[in-house]
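Engineer: Fold the following, please.
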Amino acid sequence: MLRIHFTDADLARTRVAAGPDPLWEICTSLHRFQTRQGRWAYADWYRTARDRVHAQDFARTLRTFLLPLVPRASYFPDFLTPREAADGLDSGLEAILAAPPGRVLDEVGILGRTSGAPAWAPRLAEPGMRKDLVRAMRTYYDTVIAPHGDQTLARIEAERSARARSVLDHGTEGALRDLGPCLRWQHPVLHTVYPEDRDLLLNGRGLRLIPSYFSWGNPVTFAEPSLEPVLIYSLSHEPHHSTLPGDLGSGAPLATLLGRTRAAVLRAAAHGATTGELARFAGVSASSASQHATTLRDNGLIVSHRQASCVLHTLTPLGAALLRGSGGGTDRRATAPT
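Structural biologist: Now for the predicted structure:
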């Protein structure tokens, strides 16, 4: 069990990551190659990722270099997921290159004692070996993470909208109370199942919540308590979220989006809206709004995320692009239904 202890200052300083963290997504997606648990939620990604890995002749590097460093176990090195990755992949990889050799050796040693490290792992303290690692991580990201970027971003944006609404309605404690079935908030402590029994004292530093598309199961935090407190947690996955159409102009029923009511529903989702709010904005019944939302979701323009007793609808990048292209922007003014 992991117990994260909050003070009032920590509650005030708790925030949600601005977007997907590329290095955490690399590490958690590597776990998806190591287990069939939750495979149904990533079936399309897994199939295409495996094909791309083989097409790029990257399978051996994946199997012998990356996977041994990030085992699906109780520990993998903290230096692989630096804080700088919040500013993008390049910043994160530069931070890996700049990690002090002593820290790298210490963390590789922990990996060896806990999960087993490959014999070559201590050489990661050498700049040349770390450059090879960074090059492999970049290739992996470009091969299997970046092509899935629209869906990852859409799900993270939906989660951010849900957390924002929780804070507006119930404060930070409300957001912590609704993070998922693996987490339990009991003021002033956030409890979660964890591979070891541990207490994390925030001591006024706050907590950065990082929703991860590829994370599955228990949340994750840094092993070293002196690092910035973070909590990586998984999104809820539902079968209808498994795919997004690659091109709305190729067979997708664009005519279904031309009606004013459905356009109003799409605009309402621009800032996140429940089904009831979609209905009020578009001036239709809740059942009609739900039908319109289903059509938009089936065409990859919105995603729907359950939040307590409500369903929150938000735009995908494709939906946002369509809205901008039509001149709709994020205007929330009412549109008369048809």
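
Engineer: which intervals of the protein have sub-threshold pLDDT?
Structural biologist: 237-258, 307-308, 324-338 (pLDDT under 70).

Engineer: for it, which residue is closest to the average position?
Structural biologist: residue 212 (2.6 Å; CA atoms, centre = their mean).

Engineer: List the residues that contact that one.
Structural biologist: By CB atoms under 8 Å, 6 or more residues apart in numbering, residue 212 lies in contact with 20, 21, 24, 25, 28, 232, 233, 234, 235. All C-beta spots, glycine's among them, are computed from the backbone N, C-alpha and C.

Engineer: Same check on residue 85?
Structural biologist: So residue 85 contacts 21, 22, 23, 24, 91, 92, 95 (CB under 8 Å, 6+ apart).

Engineer: Residue 96 too?
Structural biologist: Residue 96 neighbours (CB under 8 Å, 6+ apart): 23, 79, 80, 82, 130, 133, 134, 137.

Engineer: Next, it: phi, psi?
Structural biologist: phi -60, psi -40 (degrees, to the nearest 10).

Engineer: now residue 150, nearest residue through space, not along the chain?
Structural biologist: Leaving aside its sequence neighbours, residue 150 sits nearest to residue 317 (CB to CB, 6 or more residues apart in numbering; 4.8 Å).

Engineer: Next up, the contacts around that neighbour.
Structural biologist: By CB under 8 Å, 6+ apart, the neighbours of residue 317 are 150, 153, 154.

Engineer: quick one: the helices in the stretch 1-150 of the chain?
Structural biologist: 8-13, 22-32, 43-55, 59-61, 67-69, 89-98, 101-114, 127-140, 149-177 (DSSP state H, counting those that start in this stretch).

Engineer: For ChimeraX, what selects the buried ones among the contacts of residue 85?
Structural biologist: In ChimeraX syntax, the buried subset of the contacts of residue 85 is picked out as below (16 or more other CB atoms under 10 Å):
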select :21,22,23,24,92,95
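
Engineer: residues making contact with stretch 127-139?
Structural biologist: 23, 26, 56, 58, 61, 65-66, 69, 89, 93, 96-97, 99, 104, 120, 123-124.

Engineer: let's go with 7 Å and repeat that
Structural biologist: 26, 58, 61, 65, 66, 93, 96, 97, 123, 124 (CB atoms under 7 Å, 6 or more residues apart in numbering).
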